[in-house]
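**Student:** missing the sequence, but the structure's below:
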Ligand SMILES: Nc1ncnc2c1ncn2[C@@H]1O[C@H](COP(=O)(O)OP(=O)(O)OP(=O)(O)O)[C@@H](O)[C@H]1O
Ligand SMILES: [Mg+2]
């Protein structure tokens, strides 16, 4: 926070449009229709219809257990890996029908990157953490790899900190550095969408600020969906906000709208109560 | 009062634990020193390389070492790939609840407890007679492979299960295939489990007598192929001490060789796995 990130500097101003730029209509990139998910017989969330705008930052907020993480994992079909997890409804990513069995999930997950709540670098060197997925996706050109390594590490503001120890273990980095490395790893694959599950929750305020600046700098270039418990953060960085809540024993989408609308003129009484810190 | 009481019970449990540890360690030392004491005088280059004479009272254990090595080799060459494959299937492709996984796991646990003589009789009936391999190193090695598979599979499976789910999720989220995740991330991380399984298996295999009596046989000549009968070191020791009056000195020397071999193999395999791990994956 106190150190401005170089990527923010390099970003042309047109990539950071102020809220409600005249004549700029955001178009939805991801749309879910009546999306529901259950673990075994236990529903996690039910009938969520949400649209996520291209190039915008959408924040998912709501109390613990309201299904925010579960919702994210539907968007890149990580749910396939969870035993006894049933998903119904529809998810569209542009033209792609995400939940269709015919969808190539590896290709999908390249388009939709994910950052987890807990930083989870591989037990490899810093360099290999970035190069291993790239190589697996067919990028083997040494120069290209080095270029990507440099630019993505610069993007996440990690280059200066690690440039002299690229061969040392990624797990020896601090939590905040690990989280930024995970972001670099996801960004290196140049996804269209980035899903972030409370990326700052395990970080100290300073690292959290750095990561937050990084997320802000992604606006316009990527479509970001971020889960956060920090309403002030949501207010600072999000264009759109969606509130999840546990009702009738399952997570539900209570209200969605632009950040301004949700924070200044909430329609639902739960939203009003939640943003005023009365409940949740 | 209360705190001195606590201290007392702390002390008591410490004493109990140390006594148990010393008993185990002391027993092992006693056994080892007995063998070294009685056996070391017989050990020489000649003993290790020449053939046994006079039913083993004289001469050495050259052919027996070769047979033992061949039996172990057959055993591990067969058991390792099957064990690794089954462990991967159990840990990565079946859930705890699935009927198939439960069935295999339960069978393995039962098999692990079956006495080796039963494996010997099975090996004799199946490999020696039905498959027509006769009394041979091949029959013996295959029988041992069956015997060590349960323990090898279960500890390798544990190795895979000990790898945090995070790796699998984060690899999947990067669009990596299950195969890549398996070979590049899970396998290196599961090597310690595989190693434990390997060491336990080879320890069981090298010490095995009952399973080999009916399969690889007694013949103490130098084997010329895997289809020859060959006498394993453990059988040699058994024979010298039970059936050959005056064979005790050589039996002790052979036992010393067996223990040294076991020690060498486990140390070497741990070292190799460590090297490999360092090359593939950097620990914290
Ligand atoms: N792998 C799982 N197996 C079974 N139930 C699960 C699993 N993951 C989550 N759940 C359940 O699904 C519900 C929604 O969980 P989810 O993690 O999506 O909530 P969340 O909104 O992300 O909560 P938090 O803010 O605490 O992270 C919870 O009741 C939880 O217990
Ligand atoms: Mg969550």
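**Tutor:** Arrived safely. What you see is a predicted model; the values in this text were computed from it and never measured. Ligands and ions are numbered 1, 2, ... in the order given.

**Student:** report the secondary structure state of the closest residue to residue B:189 other than its chain neighbours.
**Tutor:** Distances taken as CB to CB, 6 or more residues apart in numbering or on different chains put residue B:163 closest to residue B:189, at 4.4 Å, once the chain neighbours are dropped. In short, each C-beta sits where N, CA and C put it, glycine included. On the three-state scheme (DSSP: H, G, I helix; E, B strand; the rest coil), residue B:163 is labelled coil.

**Student:** what segments of the chain are helices?
**Tutor:** All of this refers to chain A. A:6-10, A:68-75, A:105-111, A:126-136, A:142-155, A:159-162, A:175-188, A:205-218, A:231-237, A:259-264, A:269-275 (DSSP state H).

**Student:** um, chain B though
**Tutor:** B:2-39, B:45-49, B:62-93, B:99-112, B:116-123, B:137-161, B:165-173, B:178-180, B:187-206, B:210-213, B:233-242, B:248-280.

**Student:** show me how far the fourth one is from its chain's centre.
**Tutor:** The gap between the average C-alpha position of helix B:99-112 and the chain average comes to 20 Å, counting by CA atoms, centre = their mean, to the nearest Å.

**Student:** list the buried ones in that helix?
**Tutor:** Buried residues in helix B:99-112, counting neighbours by 16 or more other CB atoms under 10 Å in any protein chain shown, are found at B:101, B:104, B:105, B:108, B:111, B:112.

**Student:** tell me the one of those residues nearest ligand 1?
**Tutor:** Checking the buried residues of helix B:99-112 against ligand 1 with CB to the nearest ligand atom, the nearest one is residue B:101 at 18.2 Å.

**Student:** which residue comes closest to that closest one once chain neighbours are left out?
**Tutor:** In space, and not counting its chain neighbours, residue B:101 is closest to residue B:94: 3.3 Å by CB to CB, 6+ apart.

**Student:** now swap in residue B:49 and tell me
**Tutor:** Residue B:49's closest residue in space is residue B:62 (CB to CB, 6+ apart), at 4.6 Å.

**Student:** ok, now which ones touch the one you found?
**Tutor:** B:48, B:49, B:50, B:51, B:222 (CB atoms under 8 Å, 6 or more residues apart in numbering or on different chains).

**Student:** for the last one, what are phi and psi?
**Tutor:** Right, residue B:222. Main-chain torsions, residue B:222, degrees, to the nearest 10: phi -70, psi 120.

**Student:** I'd say it and residue B:51 touch.
**Tutor:** Yes. Using CB atoms under 8 Å, residue B:222 is in contact with residue B:51, at 6.7 Å.

**Student:** returning to what we had before: nearest to residue B:125 among the contacts of residue B:62?
**Tutor:** Distance to residue B:125, by CB to CB, is smallest for residue B:222 among the contacts of residue B:62, at 27.8 Å.

**Student:** how near is that closest one to ligand 1?
**Tutor:** Using CB to the nearest ligand atom, to the nearest Å, residue B:222 is found at 60 Å from ligand 1.

**Student:** residues near residue A:192, how many?
**Tutor:** 17 (other CB atoms under 10 Å in any protein chain shown).

**Student:** quick one: the strands in the stretch 1-150 of chain A?
**Tutor:** A:28-39, A:42-48, A:51-53, A:57-61, A:85-93, A:96-97, A:112-115 (DSSP state E, counting those that start in this stretch).

**Student:** any chance of those in CSV, plus mean neighbour count?
**Tutor:** Output for those, formatted as CSV (neighbours: other CB atoms under 10 Å in any protein chain shown):
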stretch, mean neighbour count
strand A:28-39, 18
strand A:42-48, 20
strand A:51-53, 19
strand A:57-61, 26
strand A:85-93, 17
strand A:96-97, 14
strand A:112-115, 26
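
**Student:** got those strands as TSV, with mean pLDDT and distance to residue A:174 columns?
**Tutor:** Formatted as TSV, the strands of the stretch 1-150 of chain A follow (pLDDT from 0 to 100; distance: least, CB to CB, whole Å):
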stretch	mean pLDDT	distance to residue A:174
strand A:28-39	94	33
strand A:42-48	93	32
strand A:51-53	94	31
strand A:57-61	95	25
strand A:85-93	94	33
strand A:96-97	92	37
strand A:112-115	94	16
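
**Student:** which among these is found nearest to chain B?
**Tutor:** strand A:112-115 (4.0 Å; CB to the nearest CB).

**Student:** and that closest one, what does it pack against?
**Tutor:** helix A:175-188, strand A:193-197 (3 or more CB pairs under 8 Å, 6 or more residues apart in numbering or on different chains; DSSP states H and E).

**Student:** among these, which comes closest to ligand 1?
**Tutor:** Using CB to the nearest ligand atom, the nearest of the helices and strands packed on strand A:112-115 to ligand 1 is strand A:193-197, at 7.1 Å.

**Student:** quick check, nearest of the buried residues of helix B:99-112 to chain A?
**Tutor:** Of all the buried residues of helix B:99-112, chain A sits closest to residue B:101, with 11.1 Å by CB to the nearest CB.

**Student:** might one say that residue A:176 is in contact with residue A:199?
**Tutor:** No. Applying CB under 8 Å as the test, residue A:176 and residue A:199 come out as separate, 10.2 Å apart.

**Student:** pull out the buried residues from stretch A:127-136.
**Tutor:** In stretch A:127-136, counting by 16+ other CB under 10 Å, buried: A:127, A:128, A:129, A:130, A:131, A:132, A:133, A:134, A:136.

**Student:** around ligand 1, pick out the residues from chain A.
**Tutor:** Those residues of chain A that sit near ligand 1, judged by CB under 6 Å from any ligand atom, are A:39, A:44, A:64, A:65, A:66, A:67, A:68, A:69, A:70, A:82, A:251.

**Student:** sorry, back to before: quick check: the farthest pair among the contacts of residue B:62?
**Tutor:** Pairwise over the contacts of residue B:62, using CB to CB, the maximum falls at B:48 and B:222, 13.6 Å.

**Student:** follow-up on the earlier one: find residues that contact each of residue A:176 and residue A:199.
**Tutor:** With CB under 8 Å, 6+ apart, residue A:176 and residue A:199 have common neighbours residue A:211.

**Student:** more neighbours: the two, which one.
**Tutor:** residue A:199 (26 against 21).

**Student:** so what's the spatially closest residue to the more buried one that is not a sequence neighbour bridging to?
**Tutor:** Using CB to CB, 6+ apart and skipping residues adjacent in sequence, the residue nearest residue A:199 is residue A:115, 4.9 Å away. Counting by DSSP bridges, residue A:115 is bridged to residue A:196.

**Student:** I'd say residue A:115 and residue A:180 touch.
**Tutor:** No. Using CB under 8 Å, residue A:115 is not in contact with residue A:180; the gap is 9.7 Å.

**Student:** can you list contacts of stretch B:194-208?
**Tutor:** B:68, B:71-72, B:75-76, B:79-80, B:83-84, B:87, B:116, B:144, B:147-148, B:151-156, B:159, B:232-234, B:258, B:261-262, B:265-266, B:269-270, B:273.

**Student:** just the buried ones among the residues of chain A next to ligand 1, please.
**Tutor:** Buried, going by 16+ other CB under 10 Å: A:44, A:66, A:67, A:68, A:69, A:70, A:251, out of the residues of chain A next to ligand 1.

**Student:** near chain A, which residues of the stretch 51-200 of chain B show up?
**Tutor:** B:95, B:97, B:166-177, B:180, B:184-185, B:189 (CB under 8 Å from any CB of the partner chain).

**Student:** put the buried members of these into a PyMOL selection.
**Tutor:** Only the buried entries of these go into this PyMOL selection, using 16+ other CB under 10 Å:
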select buried, chain B and resi 167+168+169+170+171+172+173+174+175+176+180+184+185+189
